[in-house]
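**Student:** Structure of the sequence below:
(chains A and B)
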Amino acid sequence: MSPRSAASEATGGRLRPPARGPRAGLLRRHPLARFLLRRTLTAALLALGVTLVTFVLTNLVPGDPAAANLGQRAIGDPAIVAQFRHQHGLDKPLPVQYATYLGNLFHGDLGESQQSHQPVLTDLGTAVPATLELAGAAIVVSLVVGVAFGVVAALRRDRFTDQLLRVVSLLGVSVPTFWLALLAFYLFFYKFGIAPGSGRIAPEFAPPPDVTGLYTVDAALAGQWPVFWSAVGHLMLPALVLTAYTVGLLTRFTRSAVLEVLGQDYVRAARAKGLPGRTVLFHYVLRAALVPVITVAGLAFGALLSGTVLVESIFAWPGLGAYAYRSATTLDLPAVMGVGLVVGIVYLTVNLAVDVLYGLIDPRVRVQ
Amino acid sequence: MSRFSTGSYPAALSLVAVAALALTACSGAGSTTGSSSGGGKTLVVDTSFNLKTADPGREFEPTGQIVDKALYETLLTFEGNDVTKPIPGLASSYEQSADGRTLTLHLRAGAKFSDGSAVTADDVVFSLNRVIALKGNPSFLLDGVTVTKTDASTVTLVSAKSNPALPFILPNPALGIVNAKTVQAHGGSATASDAAEKYLNSASAGSGPYTLSSFNTNTQVVLTKNPKYNGAAKPTYDKIVIRNVQAPTQKLNVQRGDSQVALDLTSDQVKGLGGGLKVSSGASSDVIFLLLNQDTKVSSVTANAKFVEAVRKGIDYKGLLTLGGAGSVQPAGVIPSNFLGALPASQAAGRDLAGAKAALKASGIAKPSVTLGYPSDLTVDGLSLQTLAERIQAQLKEVGIDVTLAPAPTTTELDNYRNGKEQAGLWYWGPDYPDPSDYLVFLPGNLVGLRAGWKAGADNELTALGEKAATTIGDDTRKTQYEEIQTRLNAGGPFIPLMQPSRNTVSAASVTGIAYNPVWTIDVAALGSK
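**Tutor:** Alright, predicted model coming up:
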């Protein structure tokens, strides 16, 4: 019994504090809502921490943003340099710069990129959906294939299939993603001609009307089917390359988890009852085995985000990785801060989703 | 242990994988570009983007120059890769006063913006004054220049002091003429408070052969043929897509026919390219040089004149050229070999190992050691400065000079370079405009001179020569003066010009008119097809 419920028992409910309005009642009645609120507040604090760490680190890097962004002649003109510093707030003390950044952040203003001369939010508005489309496709494929491979490997333990999948998964986690990307592009695009070229869609098409930023979804919503198929085609190869690592990872973890569950008494009991193999697998084994797999999937999503930097470069995919690289190499501080914030929020959201999924899958860890 | 029914899973998964690849194959493989398809002829150009804006008053990056060259006409321009002679653009003719201060330009009759309105002298005055007022990267091009309208078809540019380079500066796409009324209607003004950049990144307001259909600094820029364009040569392609693609992918794209032009392939990458592709190689106008700091507070070693001589004689220039690829050349001075005022190749320094050792001995420095700073992540026309630095280190070791390599990211090393903190540095100078006066920055007390710790007064005779050359009119006289400046610079200056690497442009066999121009790299509107 939790301390809270013990206290409630002791008072017999008579000394309960008066209700504080509908929201308080909602939170009391719905532990999940309470949990989500608590986690959201924590996440907001962590995001704030991310901005501080990113700000401090980017300012610790030796180098002058004016020198990195102004031309070789312009940098020699003190008036132009002064205007650049003033325009980007670099002429103010660091604490003031950070306070200004935070103040603007609360109004949804992430500053202006020194490279693209556009609001960072606008830049992220095109880069983030591109990466989410890529990483999202990759994680879905990884989950389906990785879990299936893991289950098969566990059920065929020490047989040829298991050995084969072990080799496949080891290759997946061992082969560097950038090398695989180069190889895949060379083979499937150049050599065999079965994959489309670089970019998100073929150059003869204009991007679909922007609704979600995901070309596949936006093209489908607009009914532009040639664009849709072009977007799907361009998405396939980079997404499959990204899945190599995560499929390998998920295969190994799923195999271990399934093997552990297979030895449990309740699985033996289910089988002893004469339940069909599929029922035992999906309702008894897989459900219990999925808890650690979901943790790994959350981590894998993070790995996918970092893996996109090189894959995006090879496939000319204009996503967050490419934007982050360009921003970092040109000391585009507002853009670097924006990328840091987005990546932080993605990680926090994925972690939150993983925690919520725990509760949904396994009643034992359901939120109190 | 009883078995579960799983036999069909591997087969099903194989099917999924095959289906995924089949779907990929069915949905866009072998894109249909470079040829007529529905919306007309499309040309795809792949390049690694260095692009911030399409606003001509603000852009000064290589990709921005390509884009704005197609969108905006300039008063004067160059033909193909010949940058020694400005030719008419929006101005049909021009005259320069004998003192070099006044340039009078007569506008071409009938020139129209893409909205159909006529290009006027007011548009020219607004556009150039806007560049000056914005204080952006290209503002220096018109330093000290006053722009006035003489009459409806004549514009006069008066420089504060003699400015013989102005006709060579005006072809720069950053000085493209914009439609004043349109730009003003979208927040533009010839003041620092101009707010038209956002508009000019979404639409063009020029009279060039193309208009801007879409613009993204990370992805691609799409240009569409301007039906109102009335210049001499009409563009061939209805649509041009300029994509941001890294060099290795550019190679595969152009080989496969997914693109028709690749701009950034290195000499290694173009080796053995077949399949009907054309490779245009030639020396770029980027001059890679070594600087030896003359400030004794930074290094008493590099400030020693005999030590500089030892380095100059100790470098194996021909050996370095093998790194630059076929077509790379050794400039005899800091001015590129294809510019007015370039020293003849016969005056280029060569290796003299014995002379280098003798100079080192005469320097009186025992066991000299210097630190060489350079941007390790920077490639100049595909040549990595890291590779070059390592080769220089090995060559100077033979002379008896111990070079410690100090690689750093560009953003970090730029600070050291621009603040004159490097003992020795490995950098390059890309021309801002194709005129020898752009290279006066290497003189004592000037921009690059100061980066080598070469302060004003260090060589008064050279400074006087520079001041004279900056204001002299007449190509022949100027040529002689700039040759004299470079000869003196080579004899006692802190700079050692190393090479102009090879610049490669790869195109499909069907594309004609490829010409590398040092100012705008490539004029996409001049490309044709056969």
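**Student:** which residues of the chain score low on pLDDT?
**Tutor:** Answering for chain A, as no chain was given. For chain A, the stretches with pLDDT under 70 are A:1-28, A:306-307, A:364-368.
**Student:** Sorry, I should have been clearer: chain B.
**Tutor:** In chain B, residues with pLDDT under 70: B:1-39.
**Student:** and B:Leu252, how many residues sit next to it?
**Tutor:** 22 (other CB atoms under 10 Å in any protein chain shown). C-betas here are computed from N, CA, C, even on glycine.
**Student:** Contact partners for it?
**Tutor:** Contact analysis of B:Leu252 by CB atoms under 8 Å, 6 or more residues apart in numbering or on different chains lists A:Phe185, A:Tyr186, A:Phe189, A:Tyr190, A:Gly197, B:Asp258.
**Student:** Among those residues, the buried ones, what's the PyMOL command?
**Tutor:** Those of those that count as buried under 16 or more other CB atoms under 10 Å in any protein chain shown are selected in PyMOL with:
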select buried, (chain A and resi 185+186+189+190+197) or (chain B and resi 258)
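**Student:** Let me have the contacts of B:Leu252 in a markdown table, adding secondary structure as columns.
**Tutor:** A markdown table is the format used below for the contacts of B:Leu252 (DSSP: H, G, I helix; E, B strand; the rest coil):
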| residue | secondary structure |
| --- | --- |
| A:Phe185 | helix |
| A:Tyr186 | helix |
| A:Phe189 | helix |
| A:Tyr190 | helix |
| A:Gly197 | coil |
| B:Asp258 | coil |
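**Student:** Looking at the contacts of B:Leu252, which one is closest to A:Arg271?
**Tutor:** Relative to A:Arg271, the closest of these is A:Phe185; by CB to CB it sits at 47.0 Å.
**Student:** Please list all residues in contact with the nearest residue to the closest one once chain neighbours are set aside.
**Tutor:** By the measure of CB to CB, 6 or more residues apart in numbering or on different chains, the closest residue to A:Phe185 outside its immediate chain neighbours is A:Ile314, 5.9 Å from it. Residues in contact with A:Ile314 (CB under 8 Å, 6+ apart) are A:Phe178, A:Ala181, A:Leu182, A:Phe185, A:Ser198, A:Pro238, B:Gln246, B:Pro248, B:Thr249.
**Student:** Of these, which belong to helices?
**Tutor:** A:Phe178, A:Ala181, A:Leu182, A:Pro238, B:Pro248, B:Thr249 (DSSP state H).
**Student:** Among those residues, list the two that are farthest apart in space.
**Tutor:** Spanning the widest gap among those are A:Pro238 and B:Pro248, at 14.7 Å by CB to CB.
**Student:** Can you list the neighbours in contact with stretch B:94-108?
**Tutor:** Here stretch B:94-108 has contacts from B:75-76, B:88-93, B:119-121, B:124, B:150, B:153-164, B:166-167, B:471-473, using CB under 8 Å, 6+ apart.
**Student:** List the buried residues for it?
**Tutor:** Buried residues in stretch B:94-108, counted by 16+ other CB under 10 Å: B:Tyr94, B:Gln96, B:Gly100, B:Arg101, B:Thr102, B:Leu103, B:Thr104, B:Leu105, B:His106, B:Leu107, B:Arg108.
**Student:** Likewise for stretch A:283-301?
**Tutor:** By 16+ other CB under 10 Å, the buried positions in stretch A:283-301 come out as A:284-286, A:288-291, A:293-301.
**Student:** Contacts made by that stretch with the rest, please.
**Tutor:** With CB under 8 Å, 6+ apart as the criterion, stretch A:283-301 contacts A:135, A:139, A:142-143, A:147, A:150-151, A:245-246, A:249-250, A:253-254, A:256-258, A:260-262, A:264, A:266-267, A:270, A:275, A:346, A:350-351, A:353-354, A:357-358, A:361-362, A:365.
**Student:** go on, stretch A:256-263?
**Tutor:** Outside stretch A:256-263, the residues that touch it by CB under 8 Å, 6+ apart are A:150-151, A:154-155, A:157, A:267, A:284-286, A:288-293, B:1.
**Student:** For it, buried residues please.
**Tutor:** By 16+ other CB under 10 Å, the buried positions in stretch A:256-263 come out as A:Ser256, A:Ala257, A:Val258, A:Leu259, A:Val261, A:Leu262.
**Student:** out of the residues you listed, which are inside helices?
**Tutor:** A:Ser256, A:Ala257, A:Val258, A:Leu259, A:Val261, A:Leu262.
**Student:** Greatest separation within these: which pair is it?
**Tutor:** A:Ser256 and A:Leu262 (10.8 Å).
**Student:** one step back: what remains of the contacts of stretch B:94-108 if I keep only buried residues?
**Tutor:** B:75-76, B:88-91, B:119-121, B:124, B:153-157, B:159, B:162-164, B:166-167, B:471-472.
**Student:** quick one on the thing from earlier: please tabulate the buried residues of stretch A:256-263 in JSON lines, including the columns distance to A:Thr330.
**Tutor:** As requested, the buried residues of stretch A:256-263 are arranged in JSON lines below (distance: CB to CB, whole Å):
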{"residue": "A:Ser256", "distance to A:Thr330": "44"}
{"residue": "A:Ala257", "distance to A:Thr330": "44"}
{"residue": "A:Val258", "distance to A:Thr330": "48"}
{"residue": "A:Leu259", "distance to A:Thr330": "49"}
{"residue": "A:Val261", "distance to A:Thr330": "50"}
{"residue": "A:Leu262", "distance to A:Thr330": "53"}
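**Student:** related to what we said a few turns ago, return the closest of the contacts of B:Leu252 with respect to A:Pro318.
**Tutor:** Closest approach between these and A:Pro318, by CB to CB: A:Gly197, at 14.1 Å.
**Student:** Could I get the phi/psi values of A:Gly71?
**Tutor:** According to degrees, to the nearest 10, the main-chain angles of A:Gly71 amount to phi -70, psi 170.
**Student:** Cool, thanks, signing off.
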